[in-house]
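[1] Quick one: sequence and predicted model below, then my questions.
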There are 2 protein chains.
Amino acid sequence: MAMKLRDGRQRVVIEDVTPQIDWGSHPVRRVCGEEVEVSAAIFADGHNQVAARVLYRHEGESSWRFAPMEPLRDDVWKGVFTVDRLGSWRYALLGWIDHFATWASDLKKRLDAQTDPELGDAVLAARRDPNADLNVGSNPVAQDIPLALASGAILVREAALRAQGSDAEKLLQIAESLEWLAGEKRSFYENPCDEEIERLMARYPDLTHATQFEVELPVWVDRERARFSAWYELFPRSASPIPGEHGTFRDVERQLPEIAAMGFDIVYLPPIHPIGRAFRKGPNNAIAAAPGAPGSPWAIGDRSAAPCAPLGAEAAGDCGGHKSIHPELGTFTDFDRLVKSAKARGIEIALDIAFQCSPDHPWVAEHPEWFQIRPDGSIQYAENPPKKYQDIYPLNFESPDWRGLWNELYSVFEFWIERGVRVFRVDNPHTKSFAFWEWCLNEIQGKYPDAIFLGEAFTRPHLMYALAKRGFTQSYTYFTWRNSKSELESYLEEITRPPISDYFRPNFWPNTPDILHKTLQDGGRPAFMHRLILAATLSANYGIYGPAYELQENAPARPPAGKGESEEYLDSEKYQIRQRNRNAPNSLAPLITALNRIRRENRALQSNTSLHFHSIDNPNLICYSKSTPGFENTILVAVNIDSFNEQTGWTNLDLEKIGVSASGSFLVDDLLSGAQYTWRDRNYIALRPGIQPAHIFRVSRMQ
Amino acid sequence: MAMKLRDGRQRVVIEDVTPQIDWGSHPVRRVCGEEVEVSAAIFADGHNQVAARVLYRHEGESSWRFAPMEPLRDDVWKGVFTVDRLGSWRYALLGWIDHFATWASDLKKRLDAQTDPELGDAVLAARRDPNADLNVGSNPVAQDIPLALASGAILVREAALRAQGSDAEKLLQIAESLEWLAGEKRSFYENPCDEEIERLMARYPDLTHATQFEVELPVWVDRERARFSAWYELFPRSASPIPGEHGTFRDVERQLPEIAAMGFDIVYLPPIHPIGRAFRKGPNNAIAAAPGAPGSPWAIGDRSAAPCAPLGAEAAGDCGGHKSIHPELGTFTDFDRLVKSAKARGIEIALDIAFQCSPDHPWVAEHPEWFQIRPDGSIQYAENPPKKYQDIYPLNFESPDWRGLWNELYSVFEFWIERGVRVFRVDNPHTKSFAFWEWCLNEIQGKYPDAIFLGEAFTRPHLMYALAKRGFTQSYTYFTWRNSKSELESYLEEITRPPISDYFRPNFWPNTPDILHKTLQDGGRPAFMHRLILAATLSANYGIYGPAYELQENAPARPPAGKGESEEYLDSEKYQIRQRNRNAPNSLAPLITALNRIRRENRALQSNTSLHFHSIDNPNLICYSKSTPGFENTILVAVNIDSFNEQTGWTNLDLEKIGVSASGSFLVDDLLSGAQYTWRDRNYIALRPGIQPAHIFRVSRMQ
């Protein structure tokens, strides 16, 4: 086993470095302004003192910046740096033997020993009169000091060579004074080192034999919305106020004030591209659509094959497919206006990118090689034998022209980015190749570091994590199917702690157009309330599919015979227009508004890493806290997850986790009800479904 | 962030590969004949079936061998290969989309659907008469089958091109018959695939777009004694039967029958090199040695500076230092005889290599640059100011001639290897550079893969693990200082499980010449018994410093004033000759003999990975089991760790871990007492210190 021979004098070992994902194969993710806390085991042979730094730089910087590392315990060191710019960063670790610190510490021991009574009378005599011209040999300790001082002088002279200007001069002076002192034959020496010398020497360490950790570890820095966002999904085609009319971007624009008032900052639209005609689906996913049925926005086709546009063809894009707009929604001018109006209200428009094609999509004719061709020359549609989904042609990521395909898919994102979109929800990313995502997201984020991608993969854990590692900014989760207390606690503990929290950012959706969970079907309004509160306070990113959510729509589709229950909506908006009265008196808009205000006003709720579950003696009550690092802001939440019955219980709070001292009481303000209580570790709680399903407390330390 | 573009058609992802140490920076360790069980998350986009292999090879092999991997759960796959040769191995993982398996599974669904009653009358009609010439169009399922068969034929034809000889012919025939069948217009098709086709196709997979895990992971394979050994440390100079005489290798040779009878397989000798004269230490570590004091064997000096040899100078080596023999011990001829006699009894002689020098060591004169030079030109001795260890010059691993130093140290091992030694105990390896060990141990083991190194680092955990990662075959541990039940359980759980157990092999020593623990000082014979039993059954590698152990020597040195207790022996053999009556009636030799016999006869005790602690309701009783993978051999141990009082308690056994069924009872044979009991999960135990301090049961399933 032949070894590469580095300089063998690199005595420092650096191991167990965190944060890192797969030995630097993928970046750790942070948002701008956050700290990266680096930890590593750093040590060397023998008893010399070790020093270490974390080196870091943005890819746009030509040289490393550095921050000191400090030992914590058991050879584990910690260092911190702040990422103050979007994009790609790297960090590295450097450790070295600190010969000066070793020398200074040894010298201090020697000097202290001069007055150690165990070492005999000569020491005591010296102490009585430090200047006494004793026979040097009579103090065996002081005897060794001149040589030690001479060794130190050598180290300081070497540092002077590494320094410049006045520092170099100062170091030379120090070296000279050590040499002078070394020449004195005394029976007692004072310590010539002071803080200034230590500071100066620390500034010019000897890095000749420093060890750099073998991998430079990548960090990706997103903007803050990557970590903290509230999404609102709506179907523009349902947005018209005129009964029976197809909604437009202009209709959505008119709804922006209400959505902004509820406090959302991202409005996400299902695919806005022309809907395919071939094998178009009818209401409730019927295989045959009646003429005039609007079809599913996820069956992306060619507008020229669907010449139903009430508006000018040019304005909606000629090419069809993923770079054009469904004509009934409006024109590019309308779309641009919508993006701009939204921005003026602090809202971003997110587009849904679904990489699949209806048979009349232009790619099918222009690039049949991007699809799987059957032996009879036809293109393979989606199927799960014997079921056929003839309205969908999946892309073939084993295409011989995979480069052409990748470039075209990339260009779809870039097309919309150039129209001002920076947030994308990606449909079923796990059915497209991981290698493609890794390349595509890196290319886009390298060019547009403010781009945000929400990956829709409600799938196997390894796949979800693999997508996040490869660049998805946020990820859908299993939250929708985690409804019991133990499910919620164990799932949240998995995803909010390192290493997963270092790259995976959950986005909690209590409903989506595809998922109406049984908890909502059965639990009605109380269930919609508590699931909303859980989503908005457990996860810094959350979203709802509205207005179905505000209006608590909970009728499920009838499942196929013998297939148990369905999580699909009855009369799903995926296949038909669903106009609604958004101002219905039972709307949850007031609760949503309150939650989004609480989230904005409390930094504790804007990230997940501090999430801690507290004990409460009722399986229908769940209690947790989040706080800022210094407990400047601490939120304590208790939720009744039973939609039907009042639940009561006693908390047993982990006071350390909410920043209050173990003894005594503290104040909590319920940000939902306005009430104030005096609490301690054990408190009685009673929560009523639909009425007061939760407390969201801000914790104040008692004065 | 520019990405390297691999072939984008590699759709399979391989992550979370175990076993691996620091992304392949260091090898996983196994012994010859063991299995390496590899696990990884392996998956791809979409719904295609995935297949995977583990590739592996010894460094002496030019091409990979491979073993199939099978899915376990949640995208985690497992594969196993056996390492049948000493030395350096590598393994890699290969995953690919199995288009044939995907096709075969889809085809089966299509064929099954032909007889799905939900699909209508035509299906039922076809079932009644498969050969009926129905209108094909009347069975919508059968309609799709010819095209599917044609697709399959293409896959089989491609496989035929990858195959040779009769396999290629068979595949071509299969392709033709699929094509023929595809040309038939039937209303019902039988499945043309059988096991033979599947086996043939699995033999010739399409690996064009296979993904290989990015790192080839190293495995180091030692011989079995690396994992399972019993060490006996003795000072040859104390081995003379004649009172007052300096013992010799010949005296040790005469003791071999007794040592072999006790069942040890490694006899380890403290350094056998000439002992330095300069600043030689006297009895009980006295700073000044009286003339004629034998000194410490760890102060390695120059024989020419110590011309006291009763034997011919040539025979003991001229050069002095680490490649010569202390003349009073004998000649090279004597040493060679000892090695040979030991081997004849199944014992290996282990040498203690202590890389440090007495001031009269030849390296000091010949290579002063290998030491640290002080400003006055003198060589720096070891010190911990104000304490001085002037008899020891540490080597300077920052020497400008570090390559020369490394080569010389390497040559010390090789020198003794060429004299037949294959086992080394390395003194204080953590005070020599880690980079040196990594290089040196790799070089030696690359050339002599049967070499075994026991690292003496009773030090901080990260350092101990770092040394093991860099090639130490076995490691001293904290066992000596882990005496309570909770200490033992938590420490053993740390070191016997992956990832640590993948590279760190503990060797448990209840005593050493440096450590006489308070448990032994205070507990006397009962303590010596239970600590011996713990060492020999908890760890597959263990050792004792004898005959101090058999004879239960437990008098500690008097500590320096005000320094609390000492773990040093009184009149330590490190500084003086200690002749003993090995046949004293109170010797623990019978217990040692029994334990080593039990270890040899029970494979369960020959490794640590199956160690499991069972619940027992008394903090002074500890209960654990070890078993072979298929429970062919299962050992259950219960030990009273209180040296003074009888302890009783009830077990609550984890029956799954001892391979017996949850209900009912089983037989246990006490291998120490010969008694047999019928046990179940809950059993009463009473153990008396010094009399019956432990049960060591072999578990038998009831017939």
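    Received, thanks.

[2] show me the contacts for the closest residue to residue A:529 other than its chain neighbours.
    Excluding the flanking residues, the one nearest residue A:529 by CB to CB, 6 or more residues apart in numbering or on different chains is residue A:693, at 5.0 Å. (Glycine included, C-beta is placed from N, CA and C.) Contact analysis of residue A:693 by CB atoms under 8 Å, 6 or more residues apart in numbering or on different chains lists A:526, A:529, A:530, A:533, A:639, A:640, A:687.

[3] which residues does the nearest residue to the fifth one once chain neighbours are set aside contact?
    Taking CB to CB, 6+ apart as the measure, residue A:639 lies nearest to residue A:694, with 4.3 Å between them; neighbours along the chain are not counted. Remark: with contacts taken as CB under 8 Å, 6+ apart, residue A:694 is in contact with A:529, A:530, A:533, A:637, A:638, A:639, A:640, A:672, A:687.

[4] which residues of chain A score low on pLDDT?
    A:1-5, A:117-141, A:303-319, A:561, A:702-703 (pLDDT under 70).

[5] would you list every one of the helices in it?
    A:99-113, A:121-128, A:145-162, A:165-183, A:195-203, A:249-262, A:332-344, A:362-366, A:402-417, A:434-447, A:461-469, A:485-495, A:518-538, A:589-601 (DSSP state H).

[6] what's the closest non-adjacent residue to the residue most central in space within chain A?
    Within chain A, one residue has its C-alpha closest to the average C-alpha position: by CA atoms, centre = their mean, that is residue A:505, at 4.1 Å. Leaving aside its chain neighbours, residue A:505 sits nearest to residue A:474 (4.7 Å; criterion: CB to CB, 6+ apart).

[7] Contact partners for the one you found?
    A:226, A:229, A:452, A:453, A:454, A:455, A:505, A:506, A:507, A:541.

[8] Could you tell me which residues make contact with residue A:409?
    Contacts of residue A:409 by CB under 8 Å, 6+ apart are A:355, A:395, A:432, A:436, A:440.

[9] Kindly recompute the last result at 10 Å.
    A:322, A:353, A:355, A:363, A:370, A:395, A:397, A:432, A:436, A:437, A:439, A:440 (CB atoms under 10 Å, 6 or more residues apart in numbering or on different chains).

[10] and the stretch 451-600 of chain A, which residues reach chain B?
    Residues of the stretch 451-600 of chain A lying close to chain B (CB under 10 Å from any CB of the partner chain) are A:459-463, A:465-467, A:469-471, A:560-562.

[11] The residue of the stretch 451-600 of chain A at minimum distance from chain B: what's it in contact with?
    Scanning the stretch 451-600 of chain A for the residue nearest chain B gives residue A:462, at 4.4 Å (criterion: CB to the nearest CB). Residues in contact with residue A:462 (CB under 10 Å, 6+ apart) are B:13, B:15, B:16, B:40, B:41, B:42, B:43, B:74, B:75, B:76.

[12] Kindly recompute the last result at 7 Å.
    Each residue near residue A:462 by CB atoms under 7 Å, 6 or more residues apart in numbering or on different chains is listed here: B:15, B:41, B:43, B:74, B:75.

[13] Now for the residues you listed, which sits with the most neighbours around it?
    Neighbour counts for the contacts of residue A:462 (other CB atoms under 10 Å in any protein chain shown) peak at residue B:43, which has 26 neighbours.

[14] any idea how far that residue lies from residue B:518?
    54 Å (CB to CB, to the nearest Å).

[15] re earlier: next, give phi and psi for the residue nearest to the centre of chain A.
    phi -110, psi 110 (degrees, to the nearest 10).

[16] from memory it sits against residue A:225, does it?
    No - using CB atoms under 7 Å, residue A:505 is not in contact with residue A:225; the gap is 10.8 Å.

[17] where does the stretch 201-350 of chain A come near chain B, residue by residue?
    residue A:209 (CB under 7 Å from any CB of the partner chain).

[18] 10 Å instead?
    So far as CB under 10 Å from any CB goes, the stretch 201-350 of chain A lies against chain B at A:208, A:209, A:211, A:214, A:215, A:218, A:220.

[19] Identify the residue spatially nearest to the first one, adjacent ones excluded.
    Pointing back at residue A:208 there. residue A:9 (7.8 Å).

[20] got it, and the fourth one?
    The spatial neighbour of residue A:214 that comes closest, neighbours along the chain excluded (CB to CB, 6+ apart), is residue B:25 at 7.3 Å.

[21] got the contact list for that neighbour?
    Contacts for residue B:25 (CB under 10 Å, 6+ apart) come out as A:15, A:23, A:214, A:215, B:215, B:217, B:218, B:438, B:469, B:470.
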